[in-house]
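Undergrad: give me a 3D structure for the following:
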Amino acid sequence: MTPNKLQKLELTWIGKGEEPKLEPRILIEQPEYSYGNPNSENMLIHGDNLLALKALEQDYTGKIKCIYIDPPYNTGNAFEHYDDGLEHSLWLNLISHRLKILKNLLSNDGSIWISIDDDECHYLKVLCDEVFGRSCFVANIIWQKRYSPDARVSISDAHEHLLCYAIDPSRFKDTRNLIPLGEQQTGQFKNPDNDPRGPWKASDFTAAGYRPNQMYQITLPSGRTVSPSAGRCWRVTKEGFEKFTAEQRMYYGPSGDSLPSLKRFLSDMPGMVPWSWWPHTEVGHSQEAKKESHDLFGADVAFSTPKPERLIQRILHIATNPGDLVLDSFLGSGTTAAVALKMGRKYIGIELGEHAKTHCFPRLKQVVDGEQGGVSKALSWKGGGGFKFYTLAPSLLNQDKFGNWVISSEYNAQMLAAATAKQEGFRFNPHETLYWKQGISSENDYIFTTTQFITIETLDQIHDEMLPGESLIICCKTFQKECKSKYANISIKKIPQMLLGRCEFGKDDYSFNIVNMPVEEQAEDFDYPVLETENKVSKSAKKDKRSVQEINQTNRQTSLFD
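TA: Residues are numbered from 1 along each chain as shown. From the prediction side, this is the model:
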């Protein structure tokens, strides 16, 4: 490498850059799991979250105000609802693919908040710097998840991290909300002189540094003259001081002989600037979250790693306003969606596991009905709203017994038209009267999908109905060869041939449930087992020093991105 060639600082790992070719699936509503207001825009999506994010990309790019995710932490511990111990490079690959789509979904004034612990936090920080841009980093917030130490370990962890990035940090600073003052803050405001403007507290009237126009003498009510101390100056110019004096905002102590201070009235304090230390007294702790989960689901089926509703409330309060759209693509037990609904935000939640139905659905149903757990009472929540439950459509193409790619038999005509439109970058929006206007990509560009044979007569009829300046793509299984180039503003493509090679058809799982493979010092010889459907390995496999990819190859198991 030549010395003058530009280089960039980045995190590198095995498999980086091997981007999966995701199929843009359509979403199918499951009415039996939708609930409440039938016109609700809230979405609960059951399916692989990477494929679900790809499904959302076309319609929601640049529209999400706040993203909160709580991904598996890669701690090596086995959780009930997902295996949390991935080989490090796999974990980085999996999270990076998701972050890239999440970035696309964020609005210009949007922000993303990621819960993580010390095992991967610092690698994730470097990865996020690369994906979002280092200049887009806002803060690493420390959440005090414990209120007492764990005596079983050498040093007990008391915290988790919240990495916050914004698409435009300066705009985020202008639009983010302040934290309401609590009793601890408001208790600092007193009214010893019975000021009619109400409680106030004295703030330092000096500032660090030397500014000639802020260096002047002040005569106290006692008659004593004072100047700023060494290395400091007054907070404002003399004109500013005289303005504060005229407004009776200067205070010199009960005897009139103390150094000047400035009255700051409680009525002038809209809130407190958020800071990066969030104690459990303000936003809850892990035990509080577990109690909330137990109250909702019962101790036997409660989610094992929930976040307290107060923590999510703090994030959404800072980052959003009522009516804004919130996304959580690792929804877990549904906390983010539940709090968003209680706070008057719209939400999209994505969850792969069956607890999308066993936990998220019943929880959100209870919220719509007005449950009073978590932050409900603090927000005066009485119920209302609703949500729609969606699943990902099956893969558009499957291989038949001869290895040929064919359209899935699970697709009806409307599903095929919607899926093909999405593949071509069109928005599926059937016209009320013109059957061939099924989707639109711009004001004059349309798409039509059909499994019927296209004849010259059909093409002529469509062309006669087209307006000047309009163009059309026809996607069909077969057509009369004379149709191919008859009209310059009509192009014809064959399905499924037109789709081959675009993406990984037939693949439904990009989840974190790959392999739990910690490496130990000693390796033992054994027969390598075939990976089970849950993608776990036997205890003896954990002692093998080979990579996950090598073991998969031995078992004739396709790798993550094959």
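Undergrad: for this protein, longest strand please?
TA: strand 106-116 (DSSP state E).
Undergrad: which parts of it are buried?
TA: L106, S107, D109, G110, S111, I112, W113, I114, S115, I116 (16 or more other Cβ atoms under 10 Å). Glycine gets a C-beta too; all of them are placed from N, C-alpha and C.
Undergrad: with stretch 22-33 instead?
TA: Those would be L22, E23, P24, R25, I26, L27, Y33, for stretch 22-33 by 16+ other Cβ under 10 Å.
Undergrad: next one: stretch 123-133
TA: Y123, L124, K125, L127, C128, D129, E130, V131, F132.
Undergrad: that older thread, what does the next helix or strand after the longest strand of the chain contact?
TA: Remark: after strand 106-116, the chain's next helix or strand is helix 121-132, criterion DSSP states H and E. The contact list for helix 121-132 (Cβ atoms under 8 Å, 6 or more residues apart in numbering) reads 10-11, 88, 92, 95-96, 99-100, 103, 112, 114, 116, 137, 140, 161, 163, 165, 167.
Undergrad: ok and helix 121-132 relative to strand 106-116, angle-wise?
TA: Here helix 121-132 runs at an angle of 170 degrees relative to strand 106-116 (axes from the mean of the first three to the mean of the last three Cα atoms, to 10 degrees).
Undergrad: backbone dihedrals for the most centrally placed residue in the chain, please?
TA: Central residue of the chain (Cα atoms, centre = their mean): I67, 2.7 Å from the mean position. Per-residue torsions, I67: phi -110, psi 130 (degrees, to the nearest 10).
Undergrad: excluding residues flanking it in the chain, which one is nearest it?
TA: I112 (4.3 Å; Cβ to Cβ, 6 or more residues apart in numbering).
Undergrad: tell me who's in contact with the one you found.
TA: Per Cβ under 8 Å, 6+ apart, neighbours of I112: C66, I67, Y68, I69, L102, K103, L106, F132, C164, Y165, A166.
Undergrad: and D400, by the same measure?
TA: V406.
Undergrad: ok, L220 next?
TA: V226, Y252, G256, D257, S258, P260.
Undergrad: and if we set it to 10 Å?
TA: V226, M250, Y252, G253, S255, G256, D257, S258, L259, P260 (Cβ atoms under 10 Å, 6 or more residues apart in numbering).
Undergrad: how about R146?
TA: Contacts of R146 by Cβ under 10 Å, 6+ apart are S156, D157, A158, H159, E160, H280, H285, S286, Q287.
Undergrad: between those, which is nearest A356?
TA: S286 (22.8 Å; Cβ to Cβ).
Undergrad: burial of the closest one, as a residue count?
TA: 19 (other Cβ atoms under 10 Å).
Undergrad: and the helices in the stretch 201-350 of the chain, which stretches?
TA: Secondary structure of the stretch 201-350 of the chain (DSSP state H, counting those that start in this stretch): helices at 238-246, 280-283, 286-297, 309-319, 335-342.
Undergrad: pull out the buried positions in the shortest one.
TA: Of the residues in helix 280-283, those buried by neighbour count under the rule 16+ other Cβ under 10 Å are H280, V283.
Undergrad: the first one too?
TA: Counting neighbours by 16+ other Cβ under 10 Å, one finds that the buried residues in helix 238-246 are F241, F244.
Undergrad: same for it, what does it pack against?
TA: Packing partners of helix 238-246 (3 or more Cβ pairs under 10 Å, 6 or more residues apart in numbering; DSSP states H and E): strand 218-219, strand 250-251, strand 261-265.
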